[in-house]
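*Asks:* One predicted model, sequence on top.
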Amino acid sequence: MSGSSKVIENAICTFCGCVCDDIELTVDSGGKHITQAKNACVLGKSWFLEHKVEDFPVALIDGKEASLEEAVYAAAEVLANAKFPTIYGLSDTTCEAQKQAVAIADYLNGNIDTTTSVCHGPTGMAFQGVGESTASLGEIKNRADFVMYWGGNPAEAHPRHFERYAVNPKSPWMPNGKEDRTIAMVDIRPTQSSLIADIFLQIKPGSDFELLWAMRALVKGRALDRTVEERTGISLDRLEALVQQMKDCQFGVLFFGMGLTMTRGRHFNVGALLQLVTDLNDFTHFVSMPTRGHGNVTGADNVVAWQTGYNFGVNFNRGYPRFNPGEFTTADVLGRGEADALCVIASDPGSNFSAKAIEHIKLIPVITLDPKPTVTSQHAKVAFTTATYGINVPGTVYRMDNVPLSLRPAFDSPFPSDEVVLRAIKERICELRGITPNHKPAAA
Amino acid sequence: MKLLLHTLPSVPLETEVICPDKFIGNSLDAIGAMTVMHGNQACILTDFFTLTDDGLDTIKVEGDLSKVKLIGSEMTQGKIIINGSVGAHLGALMTGGEILVTGNAEDWVGREMSGGRIVIKGNAGHLVGSGVRGSDTGIQGGEIIIHGNAKNEVGNGMRRGLIVIGGNSGDFTGVNMKAGTIMVLGQLGQRPGASMVRGTIFSTQAAQLLPTFTYNTTYKPTFLKRYLIYLKKLGFTIDDAYLNGKYQSWSGDSLEMNKGEILLFSE
Amino acid sequence: MLIKSTEIIDTFAEAFGMWGSRVIVTGETPKWAMAAARSMTGFATSVIGCKCEAGIEGLLTEDETLDGRPGVSILLFAGSAKGLANRLVERVGQCVMTCPTTACFNGLDVEETVNVGGKLRYFGDGYQSSKLLGDQRLWRIPVMEGEFFVDESFGIQKAVGGGNFLVLGEDLKITLVAVEAAVEAMQMQGVILPFPDGVVRSGSKPGSKYKALPASTNDAYCPSLRGRALHTELPEEVTCVLEIVIDGLDESVVKEAMRVGIMAAAREGIRQITAGNYGGNLGQYHLQLHELLRG
Amino acid sequence: MSSAIRIKNGKVYDPLNGIDGEIKDICVKDGKIVDSVPDDSPCIDAHGMVVLPGGVDIHCHIAGHKVNMARKFQPESKRHDVSPRVNELRSGTGGSVPSTFTTGYRYATLGYTTAMEAAVPPLGARHTIEELHDTPVIDKGFYILLANNVCLNQLLEKGRMAEFKEAVAWWLNAAKGYGVKLVNPGGDEPWKGNRNSNVHNLDEQIRGFDLTPRKIIKALIDTTNDLGLPHPAHIHCNNLGHSGNYTTTIETMKTAEGRRVHITHIQFHSYGGEVGKNPTSKAKEISDFINNNPNVSADVGQVMFGDATIMTGDAPLTWQLRNMTNKKWINADTECESGCGILPFSYQEHIYTHALQWAIGLELFLMAKDPWRMVLSTDHPNGGSFMNYPKLIRLLMDKQFRKEQAALANQKAINSTSLLDLEREMSMYEIAIISRAAPAKLLGLDNKGHLGVGGDADITLYDDQEDKEAMFNAARYVIKSGRFFIKDYEFCSDYQGRILHVEPEYDRAITQKIKPFFEDYYTIQFENYPVDDSYVHDGEVVPTKSLS
């Protein structure tokens, strides 16, 4: 291998939920670092090019270097002894690792939750209330002649979203790309994204729900109070014209971001949007999709859902899965001081949770798995350094539209994958708790 | 029966066994040995509570119960008095009897309740009298009386019954309501009655309503006075101005059947 | 037996089993509550001609009603439960729903109920709505002035109708004074006097020479027929007879009303007080005057 | 550890080998049925028990994107139906769409050891396989949706039949599929591209293509036969659920022109009446056709009263149901391949249409002259959960029970069918056919559905009880690939099960035709599309049959 650089074609970028799979990576001759990431966006480039294998210890126990095995034992001990162990994160790792994490929660009778609960958890809840009409991104690329973004800034958060999926691509049904489409943006301020829009609705902050509700009334031809203009900053005439355009299109799509999910109203804002899209299906084909952030947050939702029946915020205290956002979601569990041990995989709640939750994190034993030190790992009882998914680790990830892809890692890492560490912890927990390990199928 | 919390739970304690139906016909020892879940650990009631048999059927519970969930679950009869504050899911799936809490209650008071009465002297959390996530149906009957404030989604999906909030309610009060009555003696949060099909939401304060609500009139609804007098009997102080005043009547949500009503005190 | 100088005949009032209900009508002011009450209890003197008997039981203050407004309590009686239900629907619908500001509530907390508001609700043409407070379903029917608010179900119970006594006086003036005093004394819970201001002059006997009529004038007590009638019950000095009929929710309250009524009516110039009966074969209650006066 | 087992004294039903209730030893070694095992081998005394091959479900929806959406979307249906963890056996939740582990364990508890996921867009194959790995005990495979595949339809409209066949073979390989599924052929294009409309006639032109549903159906029936796939084209006909659709169903069957074809959940396709009005039963007409055409097989898709989840590639149908029920609804389009609709549903005895559907399903079972070609399914979870199978079996075996149940349902519906005139009671032998032997045979799974030497040792033992529902509700012993999963009603150990798939030969040159299509139409790279072998590490390739 030495001496010549290696090229990986069709590599997959897990920086954001776009999960672009057309990246051409060049790995330097030392096999330790990526020199080129062709086709990647600015965020993807820095994700690949800035990735270095650091000289961290594989594990720390109480801040002191430890072997992997010692750390696994220590972590398993902490978790097995806890009454309310909580596992959190998982949006930046492979499905294979996520499966191990759910198994651990099951064998511990613990609690498991993903970062979904602090980004698109409200989307999940809205979906449970009202359903949704959605599509894989290719259907949007092929057919959508009306594209709307609500409360997100893809130009900066998902830079290739326009180019690959929704605005620019040409298709047999959209031979002229962007010219064949109407692009609409709804936001509280102009953004890089709104610059490209044919229609930009700058709405008053906190009026998303009212505006969506008014649009629903217009779609359904129901009574509507004119005060909506004053409330949202959008004139009724303008709104009527927009709704007409949406009804008249051939295939419409409404993308939405955290501007909708994380502002006052949360799951109801999303529910309103999903219902608007459902209502529009009385007139034409219309779909919606959350623009998910993390590279495999969609996979985390999927894995947790198929293994437990619920997509996030799952509690196994009673030996079977229970679901209740607000009750079993990590930010709430920590905020109320309920967890007595925390295992964080590929996430950093120490840097973005509420002050009360962070205070509690400092009081309880914490285990972290992350390629690099984080605010949370500073407080960790046991901190593992793991290999980075997509760059060093193969596995499965899900794009924001639930399309699964197999990663094409660029080079090996000296660190174990999340999956390897979690599997070892799981096996040790089973030993500690007297659970017979899985029987493998008889050899064929 | 008296229960005194002697050990503060370090993680949530699930105690659906604290319920008249479960205690009836059991000896003090048998009750003390009933299973409670302390996080993932199965414990017994006496691990946390001192039990005293005072010869009464009423269950009195005392202590800081803010981490104690599910008291009075599926209760059908009798009475529980909680001297202090209590954790989530109080009186979940209750069909009869009465629960009185002198302090505050956490989220999901009276979840999926269909009968009986819950009285909270202090404040309550989110989702008072609501259904579970994914279901379109909240409480199907009974009364939930909160003397203090309540947080968001009071009566989400409510189908029947009465919910009274003595103070203010949070956002989306009466969201998805199918029928029933929610009376807020203070201020309503944002977007009351979104998606309501039928039912009544009342407040003594002005509120900004969704654009899918239509103004009807300002009048003195006789039935409301009957309700307010009923509240007086339940121990609320009701100003004469509210008893005899006029109310704005709004219909909505026009996105649903437009048969819901919001009544706001006017003068 | 003598009370003061009035002779109480040792006989009995023959009363009948009926079905009774109590209806509370409230209004924005006492005037409008009373307007509905008068209308509802009008033309309700005798089941024979009116299909029901009704009267005002009493006035209620704001503190005594469920909706905190002045009210009137009405008792309404009919011969059968079904008949009572029909009369309630008719009268609440025509006399209360129509009357400005009123609302209408059940006043009997008993097991057996009939549906009233639940039938009237259809007047709302789909705009009606209901509430459930405690065990009672309430209907709100939009009307031009606001809304009519009525309980769905009204309690009914077995009751006693046709309690009575006859006041036999020396002249019209003294007899009127006596029955007016009796009526005033008889204002009590649980009874009403269904005839005009409580008094009936056309006392009747069962049957008639005319086949179609179930009852006809009580010739034995008509002074003008003293000479013609086959039989007379009138002492010589008596020139005027007035009757008080009592309907009540149970036998004891009817008896009590009769007792205080007789006590109040007895006086100088009233020669006898007696009671109407049909030989004891028709009514299931025999209210013996001497017995009820002795207590 | 000895892997040999002898089952003795049991009453054995093995229709593929003509065994009808004989008391007979069954011997197992190394995961297979063998002639004999040493005398000191572990032995089950199956006296008083019935010994059957493990059940085979030819059509169900248990894994993949749409199933998982249906899980995520109905938390309310699972809370009161939980499966606690038992030692290493993972916990889960039920409802009409159980979590993966629970799906596997529950199938096995009923004595089912093989199940086929019936509708997977190839783009989601990887996801489906991931879920199937987490669906323990049972062996499983899936059918890929090809009847609305834009690339295939373009080849077809141009008459490029040879390439069409190669492309179908490539797709089966790329997705690791077991068979080819057609759902509402041609219906996706008007749904996605023409304001949610649909096709209603086999000879109607499909918008944007010089093509009709009939041409697609014919091409896929021919291709699956020509490729020698173990299971023929598996067809969800057009006009599902519509009154009067039985003519479409018969037309679809005729399109096969004598070649092998499988019509799925045929109950939903056996309605008379006028579109938009109440349906009537055409079970007789459908049964007559199938009785007379030995190339056609079907599964019933029985409706069972209670909660269900509608989930289907037939998106226009769910939209229509959504507008009737006004319940929460999912639509999910997959680029160039499929549509999908999901809806919570409840079949209620008193509703005319639901009672009629229930009766038609039973008519179809009971009117079939050849049980080998009318097999058991509820189209789980569309007609009801697979957990209803024991009750369904009792309905077929017990005339009295059937009449009692019919008496509880809408009488106008029941009386409009011939159900009450059908006196047939299926024997244990026939049940063994419709739930084991026939589906295995129709699937071309030579090692399954029987207890002959060389077969997979997938064996279930039930206590022989009068109440067949109780009997089939809890297998006393379940042996999967020669290992105990349930022993005397108790779970023994976990077992993963295998993924069954096919690898038909194809000309590698076809990728040069498909790749440019990908660049134009798909959003993932052609090279990233095929599911690589590592995903089916415990897989089993079921051979294609060479055609003579």
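*Replies:* Now that the structure is in, tell me what you want to look at. This is a predicted model, so every value here is computed, not measured.
*Asks:* Could you list the domains of the chain?
*Replies:* Let's take chain A. Listed by automatic domain parsing, the domain ranges of chain A are A:6-49, A:59-119+A:295-433, A:121-290.
*Asks:* wrong chain, I was asking about chain C
*Replies:* Residue ranges for the domains of chain C, per automatic domain parsing: C:2-15+C:159-294, C:19-157.
*Asks:* ranking the ones you listed by burial, who's on top?
*Replies:* domain C:19-157 (a mean of 20; mean count of other C-beta atoms under 10 Å in any protein chain shown). C-beta here means a position set from N, CA and C on the backbone, and glycine is covered the same way.
*Asks:* In terms of position in space, what residue lies nearest the middle of chain A?
*Replies:* Taking C-alpha atoms, centre = their mean, the centroid of chain A lies closest to residue A:297, which sits 2.9 Å from it.
*Asks:* Please work out which residue of chain A is closest to chain C.
*Replies:* Nearest residue of chain A to chain C (C-beta to the nearest C-beta) works out as residue A:223 at 15.3 Å.
*Asks:* Okay, residue C:78 and chain A: tell me how far apart.
*Replies:* Going from residue C:78 to chain A by C-beta to the nearest C-beta, to the nearest Å gives 46 Å.
*Asks:* Can you verify my assumption that that residue contacts residue C:54?
*Replies:* No. Contact criterion C-beta atoms under 8 Å: residue C:78 and residue C:54 do not qualify, at 9.0 Å.
*Asks:* Partner strands of the helix or strand bottoming out on mean pLDDT in chain C, with direction?
*Replies:* The helix or strand of chain C with the poorest confidence is strand C:204-206; it has a mean of 88 (mean pLDDT, DSSP states H and E). Sheet pairing for strand C:204-206, assigned by DSSP bridges, gives strand C:215-217 (antiparallel).
*Asks:* could I get the following helix or strand past the partner strand in CSV with only the CA atoms?
*Replies:* Going down the chain from strand C:215-217, the next helix or strand is strand C:240-248, by DSSP states H and E. C-alpha atoms of strand C:240-248 as CSV (Å, rounded to 0.1, in the frame of the first residue of the first chain):
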residue,chain,number,x,y,z
CYS,C,240,-121.9,28.3,49.2
VAL,C,241,-119.3,25.4,48.8
LEU,C,242,-115.8,25.8,47.6
GLU,C,243,-113.3,23.0,47.2
ILE,C,244,-109.5,22.9,47.4
VAL,C,245,-107.7,20.2,45.5
ILE,C,246,-104.2,19.2,46.4
ASP,C,247,-101.6,17.3,44.3
GLY,C,248,-98.5,16.3,46.1
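*Asks:* Need the per-residue pLDDT for the closest residue to chain C within the stretch 151-300 of chain D.
*Replies:* Closest contact between the stretch 151-300 of chain D and chain C, by C-beta to the nearest C-beta, is at residue D:276 (26.5 Å). pLDDT for residue D:276: 88.
*Asks:* Next: the one 5 residues further on.
*Replies:* Here, the pLDDT recorded for residue D:281 equals 98.
*Asks:* which residues does it contact?
*Replies:* Counting by C-beta atoms under 8 Å, 6 or more residues apart in numbering or on different chains, residue D:281 touches D:270-272, D:356, D:359-360, D:363, D:416-418.
*Asks:* Whichever of the residues you listed end up buried, select them in PyMOL.
*Replies:* With 16 or more other C-beta atoms under 10 Å in any protein chain shown as the burial test, the buried ones among the contacts of residue D:281 are selected in PyMOL as follows:
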select buried, chain D and resi 270+271+272+356+359+360+363+416+417
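*Asks:* can you tell me which two in the contacts of residue D:281 are farthest apart?
*Replies:* The largest separation in the contacts of residue D:281, counting by C-beta to C-beta, is between D:271 and D:418 at 14.8 Å.
*Asks:* Tell me how far residue D:488 lies from chain A.
*Replies:* In terms of C-beta to the nearest C-beta, residue D:488 sits 18 Å off from chain A.
*Asks:* for residue D:366, same thing?
*Replies:* 36 Å.
*Asks:* That residue against residue D:424, yeah?
*Replies:* Yes. With contacts counted by C-beta under 8 Å, residue D:366 reaches residue D:424, the gap being 4.7 Å.
*Asks:* Give the residue from those two that has the larger number of neighbours.
*Replies:* Per other C-beta atoms under 10 Å in any protein chain shown, whichever of residue D:366 and residue D:424 has more neighbours is residue D:366, with 22 against 15.
*Asks:* Check that one and give its pLDDT.
*Replies:* 98.
*Asks:* dump the residue contacts of it.
*Replies:* By C-beta under 8 Å, 6+ apart, the contact set of residue D:366 is D:396, D:419, D:422, D:424, D:426.
*Asks:* what's residue D:312 sitting at in phi/psi?
*Replies:* phi -160, psi 160 (degrees, to the nearest 10).
*Asks:* now swap in residue C:151 and tell me
*Replies:* phi -70, psi 150.
*Asks:* residues contacting it?
*Replies:* C:104-106, C:116-117, C:136-139 are the contacts of residue C:151 under C-beta under 8 Å, 6+ apart.
*Asks:* Chain D: which of the residues you listed is nearest?
*Replies:* Of the contacts of residue C:151, the one sitting nearest to chain D (C-beta to the nearest C-beta) turns out to be residue C:137, at 24.9 Å.
*Asks:* Find the helix or strand that that closest one is a member of.
*Replies:* strand C:136-143.
*Asks:* how deep is residue A:197 tucked in, by neighbour count?
*Replies:* 20.
*Asks:* Check residue D:95 too.
*Replies:* There are 24 residues near residue D:95, going by other C-beta under 10 Å.
*Asks:* Leaving out chain neighbours, which residue sits closest to it?
*Replies:* Nearest non-adjacent residue to residue D:95, counting by C-beta to C-beta, 6 or more residues apart in numbering or on different chains: residue D:77, 3.6 Å away.
*Asks:* Just the pLDDT for that neighbour.
*Replies:* The model's pLDDT for residue D:77 equals 94.
*Asks:* Which residues are in contact with it?
*Replies:* Contacts of residue D:77 (C-beta under 8 Å, 6+ apart): B:134, D:95-97, D:307, D:344.
*Asks:* could you redo the last one with a cut-off of 10 Å?
*Replies:* Residue D:77 is in contact with A:309, B:134-135, D:70-71, D:93-97, D:307, D:309, D:344, counting by C-beta atoms under 10 Å, 6 or more residues apart in numbering or on different chains.
*Asks:* and what of residue B:133?
*Replies:* A:124-126, A:128-129, A:267, A:310, A:313, A:323-326, B:127, B:156, D:75-76, D:79.
*Asks:* Please repeat the previous calculation with a cut-off of 7 Å.
*Replies:* A:125, A:128, A:324-325, D:75 (C-beta atoms under 7 Å, 6 or more residues apart in numbering or on different chains).
*Asks:* shouldn't residue D:406 be in contact with residue D:419?
*Replies:* Yes. Between residue D:406 and residue D:419 there is a contact under C-beta atoms under 7 Å: 6.1 Å.
*Asks:* between those two, who's got more neighbours?
*Replies:* Taking other C-beta under 10 Å, residue D:406 and residue D:419 do not tie; residue D:419 has more neighbours (25 against 22).
*Asks:* quick one: the more buried one and chain A, what's the gap?
*Replies:* Taking C-beta to the nearest C-beta as the measure, residue D:419 falls 35 Å from chain A.
*Asks:* So that residue sits against residue D:363, correct?
*Replies:* Yes. Applying C-beta under 7 Å, one finds residue D:419 in contact with residue D:363, separated by 5.7 Å.
*Asks:* Overlap in contacts, those two.
*Replies:* Between them, residue D:419 and residue D:363 share no contacting residue under C-beta under 7 Å, 6+ apart.
*Asks:* count of residues packed around the residue of chain A closest to chain C?
*Replies:* Residue A:223: 16 surrounding residues under other C-beta under 10 Å.
*Asks:* That one reaches residue B:215, doesn't it?
*Replies:* No. Applying C-beta under 7 Å as the test, residue A:223 and residue B:215 come out as separate, 10.6 Å apart.
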